[in-house]
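S.K.: Dropping the sequence and predicted coords here.
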Amino acid sequence: MKIMPLQIAGLTINNPFILAPLAGYTDLPFRLLCREYGAGLVFSEMISCHGLLYNQQKTWDMTLSDQRERPVAMQLFGSDPDVMGRAASMLCRLPIDCIDINMGCPVKKVTQKGAGAALMKTPLLAAAIIRQVCAHAGDKPVTVKFRSGWSHDSINAPEFAQMAEESGASAVTIHARTWSDGFSGSADWEVLARSKEKISIPLIGNGDILTHEQGVTMMKMTGCDGVMIGRGCLGRPWIFAGTYYEETPLLRLKAVKRHMDLINEFIPPQWTLGKIRNHAGKYFKGMRNGTLLRNRIYQTETFAALRKLIDDLLEEFTDEKTRKSEITED
């Protein structure tokens, strides 16, 4: 299957394999890393519309961007159409390329306020939010990410996608699980195919993509125009590239070293050591002696100590014999 560029309104995405918005993970350093490995478009963590309007520094910190990561989309969440529109107006002044609306987050603290996946139960409110964001987004295309439905008794993604298009969205992303599924079970790709039949705007599929080949299969089976990868890229940013990478210890170590270099460039590492260790540990999942390596990572007490550990491991695994170490499941 020939992989074609993805067109979202006036925005051309050369590679339709896209980094999903992941709370706690898709900050600027990780987005840059994924772009370096070929991701065609990267998404921020979800950003509170109220946090922007109340000028909360932690919220604005999440909008930190860099020219090298473009094209980049910022994802907004909230349940008040007016506030969402005003927040979109603030975002579109930034050097970004797209605004995404989160209508799929299953976390209780989000859905209890009527935002995230809860909006799939209130399509009229969802439509009002989309219209307001589109009205305030200037020349930035607006996309919407949602789930297959609230529960298996209320699968409404095809109709919701149609509503999003009619309300002004330039593309939709569907995570092919319901709110009740959370992140468990298998994604239902069939709902992607049914949704694609209802709309003329691009559809980006999301759910159960752990390899580039699986993403290609999703596109073949469902007709979706792009593939969004979330948990499958953590510790494996090369998943976005069509090029085959042998997942050797050396590949993993080089990736985590580059990731840490980017963290050091943009984020005071002493503020987020726990987050950095979590990221670093994921690179060694499934590798022989991976559990031992992760334990050594989690025991480091400073960013400098973690960088030294990675540098020492790199020197060790550069040895020709070790470089070809067999990768096995933990």
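M.R.: Great, that's in hand. Residues are numbered from 1 along each chain as shown.

S.K.: what's downstream of the top helix by length along the chain, the next helix or strand?
M.R.: Using DSSP state H, we find that the single longest helix of the chain is helix 249-266. Per DSSP states H and E, the first helix or strand lying C-terminal to helix 249-266 is helix 273-282.

S.K.: Not counting its own residues, what contacts that following helix?
M.R.: With Cβ atoms under 8 Å, 6 or more residues apart in numbering as the test, helix 273-282 has contacts from 24-25, 30, 234-235, 256, 259-260, 263, 269, 294, 297-298, 300-303, 306, 310. Where C-beta positions appear, they are placed from N, C-alpha and C, glycine not excepted.

S.K.: Parallel or antiparallel, list what pairs with whichever helix or strand residue 204 is part of.
M.R.: Assigned by DSSP H and E, residue 204 falls within strand 203-206. With DSSP bridges as the test, strand 203-206 is paired with strand 171-178 (parallel), strand 226-229 (parallel).

S.K.: related to what we said a few turns ago, which ChimeraX command selects the buried ones in the contacts of helix 273-282?
M.R.: In ChimeraX, this line selects whichever of the contacts of helix 273-282 come out buried by 16 or more other Cβ atoms under 10 Å:
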select :25,30,234,235,256,259,260,263,269,294,297,300,303,306,310
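
S.K.: Can you name the residues that contact residue 159?
M.R.: So residue 159 contacts 123, 198 (Cβ under 8 Å, 6+ apart).

S.K.: Assign a three-state SS to it, would you?
M.R.: helix (DSSP: H, G, I helix; E, B strand; the rest coil).

S.K.: could you measure it against residue 268, distance?
M.R.: 46 Å (Cβ to Cβ, to the nearest Å).

S.K.: Please apply the same query to residue 302.
M.R.: Taking Cβ to Cβ, one finds residue 302 at 12 Å from residue 268.

S.K.: what does residue 139 give?
M.R.: Note on residue 139: its distance to residue 268, by Cβ to Cβ, is 34 Å.

S.K.: Repeat that for residue 254.
M.R.: The gap separating residue 254 from residue 268 is 24 Å, by Cβ to Cβ.

S.K.: any idea how the chain splits into domains?
M.R.: Domain segmentation of the chain under automatic domain parsing yields 6-240, 249-323.

S.K.: Redo these as a markdown table? Include mean pLDDT.
M.R.: As requested, the domains of the chain are exported to a markdown table (pLDDT from 0 to 100):
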| stretch | mean pLDDT |
| --- | --- |
| domain 6-240 | 96 |
| domain 249-323 | 84 |
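
S.K.: ranking those by burial, who's on top?
M.R.: Compared across the domains of the chain, domain 6-240 shows the largest average neighbour count, a mean of 20 (mean count of other Cβ atoms under 10 Å).

S.K.: ends of that domain, how far apart?
M.R.: For domain 6-240, the first-to-last residue distance is 14 Å (Cα to Cα, to the nearest Å).

S.K.: quick one: secondary structure of the residue nearest to residue 164 when sequence neighbours are not counted?
M.R.: Closest residue to residue 164 apart from its sequence neighbours, by Cβ to Cβ, 6 or more residues apart in numbering: residue 144 at 4.6 Å. Assigned with three-state DSSP, residue 144 falls in the strand class.

S.K.: give me the beta-bridge partners of residue 144?
M.R.: residue 101, residue 172.

S.K.: picking up where we left off before, same for the longest helix of the chain, what does it pack against?
M.R.: For helix 249-266, the contact count by 3 or more Cβ pairs under 8 Å, 6 or more residues apart in numbering; DSSP states H and E identifies helix 28-36, helix 273-282, helix 303-317, helix 320-323 as packing neighbours.

S.K.: Helix or strand next in line after the second one, which one?
M.R.: Reading on from helix 273-282 to the C-terminus, the next helix or strand found by DSSP H and E is helix 290-299.
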